[in-house]
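J.: Curious how this folds, go ahead:
(chains A and B)
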Amino acid sequence: DVKVTQSSRYLVKRTGEKVFLECVQDMDHENMFWYRQDPGLGLRLIYFSYDVKMKEKGDIPEGYSVSREKKERFSLILESASTNQTSMYLCASSLYRGPGRNTEAFFGQGTRLTVV
Amino acid sequence: GENVEQHPSTLSVQEGDSAVIKCTYSDSASNYFPWYKQELGKRPQLIIDIRSNVGEKKDQRIAVTLNKTAKHFSLHITETQPEDSAVYFCAASRTSGTYKYIFGTGTRLKVLA
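T.: A predicted model of the protein is given here:
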């Protein structure tokens, strides 16, 4: 079974703090993603990475950065947390099998972040 | 940018009835369309997917149809059961270049016993 593990299930941080959300996958997947889930807005892509040290912006990258120093780990960083970043954050990974051969994304259990 | 619209946002059906959820995508280069089910408090999990070279795919009570010309795809659940109650997300992805998944806004399905 593929496992995508996020470091925290619940986090409470103060406005202005630097926040790190960690995600680890154990199936040697090339692609990793960070999504934000809000009611009525679905899953919105923040950043994704298709290889070590490679990253691309998603639809809502403002206020976030990412780091991928090792293939299995993808970190989301909130440089200066704000109350509008209170949300559920979902990490996902998928295997790259070549052009035309997408595979499913496997999700972590989510981190519910509250910024006060 | 790329966008996936999903309707309806909520859907209530009687147990045993069918449920249909519809999605429309904007990126004509998309050719992979997965559907995810998210039960309360759990992570999204793939239930069925379809690629652009296929018009329909079935897996027991679940089916997905794809109309590439109209950029439209749908999830059909027949003989619904209470355990089908969940939030369902459609997504679209390209099969070359970047492999990001663009998700719809979700449909909350309630199956009434």
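
J.: Going by C-alpha atoms from here, please, whenever you check contacts or count neighbours.
T.: Fine.

J.: List the buried residues in the helix or strand that contains B:Val111.
T.: B:Val111 belongs to strand B:107-112 when assigned by DSSP states H and E. Within strand B:107-112, the residues scored as buried using 16 or more other C-alpha atoms under 10 Å in any protein chain shown are B:107-111.

J.: same thing with stretch A:83-100?
T.: A:85-96, A:100.

J.: picking that back up, let me know the closest of the buried residues of strand B:107-112 to chain A.
T.: The closest of the buried residues of strand B:107-112 to chain A turns out to be B:Thr107 (C-alpha to the nearest C-alpha; 9.0 Å).

J.: can you pull the contacts of that closest one?
T.: Counting by C-alpha atoms under 8 Å, 6 or more residues apart in numbering or on different chains, B:Thr107 touches B:6-11, B:21, B:87-89.

J.: Filter those down to just the ones in strands.
T.: If you go by DSSP state E, the contacts of B:Thr107 have B:6-7, B:10-11, B:21, B:87-89 in strands.

J.: Could you provide those residues in a markdown table, with additional columns for distance to chain A, neighbour count and pLDDT?
T.: Listed next are these as a markdown table, based on distance: C-alpha to the nearest C-alpha, whole Å; neighbours: other C-alpha atoms under 10 Å in any protein chain shown; pLDDT from 0 to 100:
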| residue | distance to chain A | neighbour count | pLDDT |
| --- | --- | --- | --- |
| B:Gln6 | 10 | 24 | 97 |
| B:His7 | 11 | 16 | 97 |
| B:Thr10 | 10 | 13 | 97 |
| B:Leu11 | 14 | 16 | 98 |
| B:Ile21 | 15 | 23 | 98 |
| B:Val87 | 10 | 21 | 97 |
| B:Tyr88 | 10 | 27 | 98 |
| B:Phe89 | 8 | 25 | 97 |
